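> structure for this input, please:
(2 chains, ligands or ions: 1)
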Amino acid sequence: MKVMVPVKRVVDYNVKVRVKSDGTGVETANVKMSMNPFDEIGIEEALRLKEAGAATEVIAVSCGPAACQETLRTALALGADRAILVQTDVELQPLAVAKLLKALVDKEQPKMAIVGKQAIDDDCNQTGQMLSALLGWSQATFASKVKVDGDKLTVTREVDGGLETINITLPAVITTDLRLNEPRYVTLPNIMKAKKKPLEILTPEALGVDVTPRLITLKVAEPPARKAGIKVPDVKALVDKLKNEAKVIS
Amino acid sequence: MSTLVIADHDNQVLKGATRNTIAAASMLGSDVVVLVAGSDCQAVAQSAAAVAGVSKVLLADSPHYKDGLPESLADFVVGLTGGGQFSHILASATAFGKSVAPRIAAMLDVAQVSEIISVESPDTFVRPIYAGNAFATVQSKDKIKVITVRATGFDAAAVTGGTGTVESVPAGPDSGKSVLVGRELTKSDRPELTAAKVIVSGGRGMGSAEAFKVLEPLADKLGAAMGASRAAVDAGYVPNDWQVGQTGKIVAPELYFAVGISGAIQHLAGMKDSRVIVAINKDEEAPIFSVADYGIVGDLFQVVPELVKELG
Ligand SMILES: Cc1cc2nc3c(=O)[nH]c(=O)nc-3n(C[C@H](O)[C@H](O)[C@H](O)COP(=O)(O)OP(=O)(O)OC[C@H]3O[C@@H](n4cnc5c(N)ncnc54)[C@H](O)[C@@H]3O)c2cc1C
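From the prediction side, this is the model:
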């Protein structure tokens, strides 16, 4: 079984982003970029499936500008077998990405796609579900445990009230949650090896996908700032403030 | 034209977040129709019909809708849109809504607008991006707008006041694409995290599952829900559904206690709209103090018991 794992290049999770003064977006020039953390978890899960003999090949794919090659090289260094970039400078929204991924699935015929549950830049939480719908596949979102038994998958999901376990049949899309696994680190020898692994470059046009954005961003603004608070010396002062100033307890 | 709200429920009770979504739907200027798809869920349909602003409830009662699995349900909702009467389809940004809404959008070939916190006009919405460090105003020109609604952005519609009628609709086919095996739901007598007026959250500073219990008397005293940082959940101190943050639950209670939590942006994303924030941390430089209204620098194992005592 081939497994496809999409990886997105995003502003690193440690960066505190700044809104551009012209209100068109956030500052991404000279900002550290990394692989979306949920996609790292996706790569790790696919590698473990391969190591366990359940998967035969792990294909990392990315959609976006040429710089996404870096992200794909990271995926290759982690252990993915090969990579595909659908290169475009058009702003890609989740529906367009899902369509590109569907085109890649049609081409590569994987049985499973492991997709990050959300990208930490646009926080959309859509792509995996959209891909699953476009393919007419089974869907298991927010996975914290995946057990493969032939064509049958048992997936434990993180839901609002706790955990839920479902059975699905391949082919399927799984989206990763934080507790699915702890991704391995990239090692230097593996970075060297990754340079020799195949990285194919395609375009949306070649795949016959229209990626024109559907949503128009009219404005990006700073959220309202909280006014600075105070430190209180002890619990007595705290309780007094909560009762008499904030009036939030009685 | 009407707005369709997909109800989140457990076949017995309408989830609170659905009323926040109904409130958002009411701002779109057309009739609000609620879909209750489930099994033996008549009671949910009745309570949805009573919610202020609801004009009609569509009840689809069938065993294969019992567990809120997304594949059959999304197919069914897409079928409902065939007549062209819905301009908007809304779901709550809960685990359920997030799983089903994007499927519907993809099948309709429209964009989804995720986790809106404000309705500017029937086609323009505000949504947080980058862990809430920026607010994007986005406009959708799609014929049907598929939207998920962040509960903290909208005051819940009243439980009563609606005069909706309940209309049974025939269920769609069972896709059989997924089957529920079981649920391990966290049991608690405390209020639900996203509905609580007061929340007491602990982080890695709690040190262990055993030590986390030091927060219980405080939560008891305040009638609070309990929450946690990702680090505390990852370490196994508390269950996953306690996680507050960018990738956990988004909360905005009247009063939020962050105890032994440093204040990473991913955590702040989930709680910084709380009305009053209290931080207890031994590190006076901890970023949590930059959003806290009241901070105490000190060892939580000393401060928390003292606080419980002081509350009397
Ligand atoms: C993709 C991704 C998603 C994430 N999503 C979330 C999310 O949704 N929610 C979330 O919370 N995090 C999330 N995180 C993790 C986040 O980046 C931080 O790692 C996490 O919030 C830290 O948790 P913490 O504050 O409990 O731990 P730490 O940062 O380790 O802080 C512990 C604090 O406890 C204090 N402390 C220790 N002992 C005591 C004591 N005895 N008395 C008083 N204070 C004490 C310390 O001074 C310190 O400030 C995410 C990270 C990533 C990469």
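> so who does the residue nearest the centre of chain B touch?
Geometric centre of chain B, nearest residue: B:Thr94, 4.6 Å, by CA atoms, centre = their mean. The contact partners of B:Thr94, taken as CB atoms under 8 Å, 6 or more residues apart in numbering or on different chains, are A:160, B:8, B:15, B:17. Just so you know, the C-beta spots here come from the backbone N, C-alpha and C atoms, and that holds for glycine as well.
> count of neighbours near the third one?
When you say that, I think you mean B:Lys15. 23 (other CB atoms under 10 Å in any protein chain shown).
> now it: how far from the ligand?
Distance from B:Lys15 to the ligand, counting by CB to the nearest ligand atom, to the nearest Å: 20 Å.
> mind checking how far A:Trp137 is from A:Met130?
11 Å (CB to CB, to the nearest Å).
> before we move on, what about B:Thr163?
Taken as CB to CB, the span from B:Thr163 to A:Met130 is 36 Å.
> and B:Pro170, by the same measure?
27 Å.
> ok, B:Leu307 next?
For B:Leu307, the distance to A:Met130 - CB to CB - is 47 Å.
> which of these two has more residues huddled nearby?
A:Met130 (29 against 25).
> residues in contact with that one?
A:94-95, A:98, B:102-103, B:105-106, B:112.
> one more time with 6 Å
Counting by CB atoms under 6 Å, 6 or more residues apart in numbering or on different chains, A:Met130 touches A:94-95, A:98, B:102, B:106.
> in CSV, list those along with pLDDT.
Written out in CSV, the entries for these read as follows (pLDDT from 0 to 100):
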residue, pLDDT
A:Pro94, 98
A:Leu95, 98
A:Ala98, 98
B:Pro102, 98
B:Ala106, 98
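> who wins for neighbours among those?
That'd be B:Pro102 among the contacts of A:Met130, by other CB under 10 Å, with 33 neighbours.
> hang on, that one packs against B:Val113?
No - applying CB atoms under 6 Å as the test, B:Pro102 and B:Val113 come out as separate, 10.9 Å apart.
> quick check, A:Ile84 in contact with A:Cys63.
No - applying CB under 6 Å, one finds A:Ile84 not in contact with A:Cys63, separated by 9.3 Å.
> show me which of those two is the more surrounded one.
A:Cys63 (29 against 22).
> tell me the residues of the stretch 101-250 of chain B that contact the ligand?
Residues of the stretch 101-250 of chain B lying near the ligand by CB under 6 Å from any ligand atom: B:203-205, B:229-232, B:243-248.
> switch to 5 Å and redo it
For the stretch 101-250 of chain B, the contact set with the ligand under CB under 5 Å from any ligand atom comprises B:203-205, B:229-231, B:245-248.
> closest one to B:Ser175 out of the residues you listed, please.
B:Thr247 (28.2 Å; CB to CB).
> can I take it that the closest one is in a strand?
No - counting by DSSP: H, G, I helix; E, B strand; the rest coil, B:Thr247 is not found in a strand; it is coil.
> tell me the contacts of the residue most central in space within chain A?
With distances taken as CA atoms, centre = their mean, A:Gly116 lies nearest the centre of chain A, 3.3 Å away. Residues near A:Gly116 by CB under 6 Å, 6+ apart: A:36, A:38-39, A:42, A:176.
> strand partners of the longest strand seen in chain A, parallel vs antiparallel please.
Ordering each strand of chain A by length in residues (DSSP state E) puts strand A:138-149 first. Counting by DSSP bridges, the strands paired with strand A:138-149 are strand A:152-159 (antiparallel), strand A:172-176 (parallel).
> out of those, deepest packed?
strand A:172-176 (a mean of 27; mean count of other CB atoms under 10 Å in any protein chain shown).
> what average pLDDT does it get?
In this model, strand A:172-176 has an average pLDDT of 98.
> ditto for stretch A:128-148
Stretch A:128-148 comes out at a mean pLDDT of 98.
> so how far is A:Thr176 from B:Thr152?
B:Thr152 is 25 Å from A:Thr176, by CB to CB.
> sorry, wrong one. I was asking about B:Ala279.
Counting by CB to CB - B:Ala279 and A:Thr176 are separated by 31 Å.
> same thing with A:Leu76?
19 Å.
> again, but for B:Met1
Counting by CB to CB - B:Met1 and A:Thr176 are separated by 37 Å.
> go on, B:Gly82?
34 Å.
> cool, and B:Asp241?
Taking CB to CB, one finds B:Asp241 at 17 Å from A:Thr176.
> what's across from the residue nearest to B:Leu69 when sequence neighbours are not counted in the sheet?
In this structure, B:Leu69 finds its nearest non-sequential neighbour in B:Ser178, 4.9 Å apart by CB to CB, 6 or more residues apart in numbering or on different chains. Counting by DSSP bridges, B:Ser178 forms beta bridges with A:Ile168.
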